[in-house]
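>>> What follows is a predicted protein model with its sequence.
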Amino acid sequence: MREVFRDLPQLTADRVILKKVSMQDAWDMYDYASMEDTARYLLWTPHLNIDESRGLIDWLTKQYRKGVYADWGVYHRDTMRLIGTVGFAHIDQPNDRAEVGYVLSPRYWGRGYMGEAVERLMYLAFYKLQINRLELRIMEGNTNSCRFAEHHGYKLEGRGVNELLVKGSYRTILHYALLRDEYLQTHNI
């Protein structure tokens, strides 16, 4: 696992490229991270100014230097603009499980860009990292993300009622998972 994260590899799909985020992407990040729609079902509030986006990129850069898991930037292949991030929110190495997290600019919702990015991440997780279980935690009400999870093979395993205090309100969290064996059965790679 350290081999992969020592120098975060670039991953390529049909219409997106996953690579390290850099400070030159701050305005692209701020463009989507400042939108209320982007943050509605996330733990963080919309970025109030460019400095918040720069701060997140600075933190990601430090994670890259440490060689620990951090988000990839999701870049539109034609424009090379940053349109979101995808990565592991948590890795439990002793149990070979990881939680996937993703954010996409609302300007690109519903067009399959994040699907391509998540598929590349799942391939890396199951083949290169030998992860046995990938998990998603989705706030109740985020029907688009639930449909996305199910479309990519994740199964709803349960609900954590009032599991997290988010932006001053208790939120119910839906727990989805996909096992390596299930993935291998549906992906003849």
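That came in fine, so what should we check first? Residues are numbered from 1 along each chain as shown.
>>> The protein: helices as residue ranges?
2-6, 26-33, 36-39, 50-66, 113-123, 143-151, 180-186 (DSSP state H).
>>> Which among these is found nearest to Lys167?
Lys167 lies closest to helix 36-39 among the helices of the chain, at 8.8 Å (C-beta to C-beta). In short, each C-beta sits where N, CA and C put it, glycine included.
>>> gap between that closest one and the chain center?
Chain-centre distance of helix 36-39: 15 Å, with C-alpha atoms, centre = their mean, to the nearest Å.
>>> ditto for stretch 138-154
13 Å.
>>> now stretch 160-168
On C-alpha atoms, centre = their mean, the centre of stretch 160-168 falls 20 Å from the chain's centre.
>>> buried stuff in it?
Across stretch 160-168, burial judged by 16 or more other C-beta atoms under 10 Å covers Glu163.
>>> and it, what's its mean pLDDT?
Stretch 160-168 carries an average pLDDT of 97.
>>> shouldn't Leu136 be in contact with Tyr176?
Yes - between Leu136 and Tyr176 there is a contact under C-beta atoms under 8 Å: 4.2 Å.
>>> Identify the contacts common to those two.
Residues touching both Leu136 and Tyr176 (C-beta atoms under 8 Å, 6 or more residues apart in numbering) are Ala149, Tyr154.
>>> returning to what we had before: and of the helices of the chain, who's closest to Trp72?
Using C-beta to C-beta, those put helix 113-123 closest to Trp72, at 7.6 Å.
>>> Tell me which other helices or strands that closest one touches.
strand 11-12, strand 16-19, strand 72-76, strand 82-92, strand 97-104, helix 143-151 (3 or more C-beta pairs under 8 Å, 6 or more residues apart in numbering; DSSP states H and E).
>>> possible to save those as a markdown table with mean neighbour count?
Supplementary listing: the helices and strands packed on helix 113-123 in a markdown table, determined by neighbours: other C-beta atoms under 10 Å:
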| stretch | mean neighbour count |
| --- | --- |
| strand 11-12 | 16 |
| strand 16-19 | 22 |
| strand 72-76 | 25 |
| strand 82-92 | 20 |
| strand 97-104 | 20 |
| helix 143-151 | 15 |
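>>> where's the closest residue to Leu124 other than its chain neighbours relative to Asp51, distance?
Nearest residue to Leu124 in three dimensions, chain neighbours excluded: Leu11, at 6.6 Å (C-beta to C-beta, 6 or more residues apart in numbering). From Leu11 across to Asp51, the span is 29 Å (C-beta to C-beta, to the nearest Å).
>>> one step back: looking at the helices and strands packed on helix 113-123, spot the one closest to Glu163.
strand 97-104 (13.7 Å).
>>> Next, the angle from that closest one to strand 72-76.
40 degrees (axes from the mean of the first three to the mean of the last three C-alpha atoms, to 10 degrees).
>>> which helices and strands sit right next to strand 97-104?
Strand 97-104 packs on helix 26-33, strand 82-92, helix 113-123, strand 133-139, going by 3+ C-beta pairs under 8 Å, 6+ apart.
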